[in-house]
Structure formats: C-alpha cells, structure tokens
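Engineer: Show me the folded form of this:
(one chain, ligands or ions: 2)
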Amino acid sequence: MTDTKGKVVAVNGNMVSVEFDGKVSLNEVGYVKVDGKSLKGEVIRIRGNTAQMQIYEMTNGISTDCTVEFTGDLLSVEVGPGLLGQVYDGLQNPLPLLAEHSGYFLERGVYLPALDENKKWEFTPTAKEGAKVMAGDAVGTVPEGPFTHKIQVPYGFLGTYTIKKIVKAGSYKIHDTIATLVDEKGKSHDICMSFKWPVKRAVNCYAERLMPKEPMVTKVRLIDTFFPVAKGGTYCIPGPFGAGKTVLQHTTSRNADVDIVIIAACGERAGEVVETLTEFPELKDPRTGRSLMERTIIICNTSSMPVASREASCYTGVTLAEYYRQMGLHVLLLADSTSRWAQAMREMSGRLEEIPGEEAFPAYLESTIASFYERAGIVKLRDGETGSVTIGGTVSPAGGNFEEPVTQATLKVVGAFHGLSRERSDARRYPSIDPLDSWSKYHSVIKAELVEYARSVYRRGAEVNSMMKVVGEEGTSLEDFITYLKSEFLDAVYMQQDSFDETEGATSIERQKYVFGKVIEILGSSFSVKEKDEARTFFNQLRQNFIDMNYKVFQSAEFKAAEKNLDKTLKDHGTELGEEVKALLKDGE
Ligand code: ADP
Ligand code: MG
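Structural biologist: Ligands and ions are numbered 1, 2, ... in the order given. The predicted structure follows:
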C-alpha cells in the first residue's frame, strides 16, 4: 500500500468516486474498505484530486465515509508454473478454492493466491552463472503437465542482467529464490519461479513478430477449407443467441492444433458457464488421451458477477496466453462473449458521463477492441523458437444484427469472420457458419482455385434455390436444378459436420484434402440423368454414400468399402468429369 489515503465521495453502481490526498495513477489498483472487507477496484479516471474507480465486486454497503487504500500497482496477474488446469475468475482467484472458502455464494473481498505456494516443482537450471539475460529469457525449466515450462526473467526487468547465482537442479516452491541477477548498475535482484505482470500491458520480449501464415487447424471442414484461421491470427464468431457459438468454441478447444487453450467465458449465462466447468474436466484430449484440462485454463465470469470483471477476464486471458507463448508454445484464446464485455464498457462509460458514441457505446470501443485483438500474433523468440497467440472471440449482437457497433468494430480488426446464421441453425445445419457471408484473409490448406470453384457452385446453387422459390421447380431447367442439387450436396456432406461424433466431428487436414478432392470431382462432373426426379434420387444416394464414408475412420477397411459404394453410384450414372475441374485437379495436387 502507498501512503495515499482516499475517501469515497460518491457511489454510482459499480463506479465509486474517491477524493485522495497524495499520488494516484491511472489503472492503479485500490481497495475500498467496507464492513471490515477490502473490495478491489481500479482507477479509470483522475480529475484533480478525485479518482473514479471501477469496483470488481458488488458495491452494496459502500458509503461516503468509507476509506480507500491505494497499492501503487496496476491490475496484474501472477504467472508461473501451475496455471494450467486452473479455473479462475476475472481477477485470477481460483474459483474452486474460492467456493470452498465461502460456500455456495462467493463472498466478496476474498482474494486467494492464484498459484499454489506450497507445491514443489522440479527445477532444472538452463542458464549458467555469468550469462547475460533479458526480460522474458529462460533461466531454467520445470515440467508442467505435458509441457516444459520455462522459468523466465520477469518482464518488468529493463536492460541486460548478469546471472550472479543460480540454484542447482532440485525441487523448489514458486516463491523460493532460484537466481540472483545483477543489473547494469551493479544492483542485485533475486528472482523466483513466479512474478506479476499488468494485464493491460502487452508482453513484447521477443525478437520479432512474424506474419501469421501457418494454419491453425480446427478440424472443422467449413473453417479449415473455406474460412481458415492462421496460428497467431484472429477471428470472430458473431451469431444470434442459440446459433451455436459456444458449441463451436468448445469443439475448437478440443480439436485445434495448438498446445494450450485458454477460455475466457465473460458474462455468459451462469448455466452455460457451469456446463463448461462440468464438461471440461471430463473431456479427453484427442491427441494424448489424457484430460483436456491439463492443457486448458478457464477464466470465467458469469452474467451474475460484477460487470467490471468481464473486462478483467479478457485481459487476464490474453496475458496468460502471452506468458505461455513466451515458452515457444502455441496458444488459442477463446473469448465468449466479447459483447458482454462491451456492454460492461458501455455501462461504465455512462456512469462516467462520457460523450456516447453509436448505440451509447463509448467512442473508444473500436480502439479498445482493436488493441485487445492486436495482442494475438506469432513471434520469433530470442532463443529462436516460435510461439503464437491466436484469438477467437464470439460476438452476440442483439437480434443477430451484424450492423451493430461491436460486430462492426471487431470485423475491422480480425483476419477471419465466421458469421453464424439463424436460418442455418434453425435448419440444424451445423456448424451454422454462413458460407456466403463469412470470409477469411488467411490461406486455406486446400488449393485456392479448388475452394473458389466449390464456392462458385455453392453460390450458383443458392441463386437457383431462391429463383425456384419464385418460379417453382417446373420453371427451372434440368441443368440449373442439378447445380442446385450439387450445392446442397456440398453443404450436406462437407460444410455440415456432426461435432458430437468422434470421427466425423474432427476431420484431419489429410482427410480434408482427400475428401474435398472427391467432392470437387462430383461438383465438376456431368451425369446421365434425364429428369429432375431421377437427379434428386441420384443425389440423395450420393449424399448417403458420402456421409457413410464420413463416419468411418479415414482409410480403414470400412472407409474404403463406403468409398467403393460411392464410386459405384457415380459409375452407374455415367459420371463424366468436366474439362475445367480436370485441369484444376491436374496442376498442383
Ligand atoms: P450460442 O452460444 O450461440 O448461444 P450454443 O452454442 O449454446 O449457442 O448452441 C445452442 C444449442 O444449439 C446447443 O445447445 C445445441 O443443442 C445446438 N447446437 C449448436 N451447435 C451444434 C452442433 N454443432 N451440432 C449439434 N447441435 C448444435
Ligand atoms: Mg453461448
């Protein structure tokens, strides 16, 4: 605590005005004393000797004679071994421990250590005495779950340090001194295995930022093939309530080709969060067969918790992601939903009586969202390794209207847009990503010309479909009708995917390439069908054959048998590959 003393002069919901005597800085953390408790808050505006603080707790009971203590510190998280597998609230309190401490209803003003201070870790030094190190460099490692956790020089250490002393290999607690560093002025600093870092300050202890190019495979065909995400990239999933945002994020967290997944559940309904919390520890990691929680961190704030901590959840999540990126790991941060965070911002802005922007969101909504997504990235570390933070955020616009400010602000900064459509989810076409509205700036794992060809067939089929609604099937030519059937086929066997089946729910890249090739052949072929009913029957059969194949383990005997059936159906209907696709398939793979 600093010497600065404060006194509450006004309370407005979660915002408290404090008159202070001394020095206070922006984003500094302070505690309001009420009923023998200390409630955590953050300074968000200073005018003369009055500070406005957003309080991360319910503010009932705070009155104008309450005193306020200031810490001189920014809102921070503690990083170190033991973060994986944890379930935190937005202020990094371990939720299971908090619940143990205060029973069913979380007690306010209780803050628990984020990391177990008594647990021992097997430390192996990797840096030698006399070596020069900088912030973010590793001095040693400990095993954490399936990973080698790098113990780093704290990010706040400026300049170059010399290692004066480092402990021998052995077991240590996170707060034991493991090394003594000497700065350029000759001053000694002891470091341990954990340190604090302000959540709103991006970690930049790397050699260089790289272009996100390598795909972050999700095993969702519609994403990887049509609207891919790159490692270190950003994407958003806007969609109306119930369209499948949360299910899609959960599928992704299970299957994505990353080391660590951090889920920031900010402000969604409590029931949904409880689902996440009960479901996750049960899930198996498809890669290792071990518990998925071993490589997951959940940060969770439900809609019933104070709104200010939604913002804290997002920042806490991204800071922990950056910490693991610094070890050369690939991290995926999923924020669900950023709209709730934006609503909290709007509430606070209203209380501050700022000049409102569109739909009463603050004028800085766009820049705040941008600076959050900017913390994603793939970087080359000073030791030559590469690490990445990919950010995927859901947006839940009221009524599914994508024209609203949060969706629009997010669209401007992300690299891929997976817009969920009510029409598709109502028709139970999952994942309900709209194939016509969505886009991605990243490279697909599949040749661009082939994807473009499939897209054009889909687009033309959709056009025929809407035309048929006007002129009826009779008024449609056989050729157009077949285009429509082809687009429906593409949708049914490739774009739609049953995420609850182990095999069908996760399609590897190798498999996507293979089956997409087959889909393209069908889209680019002509058949010997003479009339619409015959065409419909034929495509129904094709679809069934293909779906049968989708549910079989890739290249297994059953898979090959299903493929044979499909090939037979094609052969029986005089399938002839057109020149255009023949040429496309020929050059390249
Ligand atoms: P949102 O987060 O957009 O409000 P949810 O992800 O909670 O929506 O999905 C709502 C419901 O829709 C789910 O409970 C589930 O029944 C259904 N659903 C969503 N995605 C799928 C899917 N891929 N496969 C099957 N059902 C799904
Ligand atoms: Mg949801």
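
Engineer: Check what pLDDT residue 398 gets.
Structural biologist: We have a pLDDT of 84 for residue 398.

Engineer: actually residue 507, not the one I typed
Structural biologist: So, for residue 507, pLDDT stands at 97.

Engineer: so how far is ligand 1 from it?
Structural biologist: 13 Å (CB to the nearest ligand atom, to the nearest Å). Placement of C-beta: from N, CA and C, glycine included.

Engineer: any idea whether that residue is helix, strand or coil?
Structural biologist: Look at residue 507: counting by DSSP: H, G, I helix; E, B strand; the rest coil, its state is coil.

Engineer: give me the number of residues near it?
Structural biologist: A count of nearby residues for residue 507, using other CB atoms under 10 Å, gives 25.

Engineer: and what of residue 359?
Structural biologist: 12.

Engineer: Next, count neighbours for the spatially closest residue to it that is not a sequence neighbour.
Structural biologist: Nearest non-adjacent residue to residue 359, counting by CB to CB, 6 or more residues apart in numbering: residue 405, 5.4 Å away. By other CB under 10 Å, 19 other residues sit near residue 405.

Engineer: OK, contacts around residue 405?
Structural biologist: Contacts for residue 405 (CB atoms under 8 Å, 6 or more residues apart in numbering) come out as 342, 357-359, 361, 365-366.

Engineer: closest point of the stretch 151-300 of the chain to ligand 2, which residue?
Structural biologist: Proximity of the stretch 151-300 of the chain to ligand 2 (CB to the ion) peaks at residue 246, 3.2 Å away.

Engineer: What is the burial count for that residue?
Structural biologist: 23.

Engineer: Confirm that it sits in a helix.
Structural biologist: Yes - secondary structure of residue 246 (three-state DSSP): part of a helix.

Engineer: So it is in contact with residue 336, correct?
Structural biologist: Yes - Residue 246 lies in contact with residue 336 (CB atoms under 8 Å); the separation is 6.0 Å.

Engineer: quick one, strands of the stretch 151-300 of the chain?
Structural biologist: 161-166, 170-173, 179-182, 188-191, 195-198, 208-210, 234-238, 260-268, 296-302 (DSSP state E, counting those that start in this stretch).

Engineer: out of the ones you listed, which comes closest to residue 281?
Structural biologist: strand 296-302 (9.1 Å; CB to CB).

Engineer: Can you name the next helix or strand after that closest one?
Structural biologist: helix 308-325 (DSSP states H and E).

Engineer: Strand 296-302 and that next one, what's the angle between them?
Structural biologist: 170 degrees (axes from the mean of the first three to the mean of the last three CA atoms, to 10 degrees).

Engineer: Ligand 1 contacts on the stretch 201-350 of the chain?
Structural biologist: 239, 241-247 (CB under 6 Å from any ligand atom).

Engineer: quick revisit: format the contacts of residue 405 as JSON lines; extra columns: distance to residue 463, pLDDT and secondary structure.
Structural biologist: Below are the contacts of residue 405 laid out as JSON lines (distance: CB to CB, whole Å; pLDDT from 0 to 100; DSSP: H, G, I helix; E, B strand; the rest coil):
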{"residue": "342", "distance to residue 463": "36", "pLDDT": "92", "secondary structure": "helix"}
{"residue": "357", "distance to residue 463": "38", "pLDDT": "92", "secondary structure": "coil"}
{"residue": "358", "distance to residue 463": "34", "pLDDT": "92", "secondary structure": "helix"}
{"residue": "359", "distance to residue 463": "34", "pLDDT": "92", "secondary structure": "helix"}
{"residue": "361", "distance to residue 463": "37", "pLDDT": "95", "secondary structure": "coil"}
{"residue": "365", "distance to residue 463": "37", "pLDDT": "95", "secondary structure": "helix"}
{"residue": "366", "distance to residue 463": "35", "pLDDT": "95", "secondary structure": "helix"}
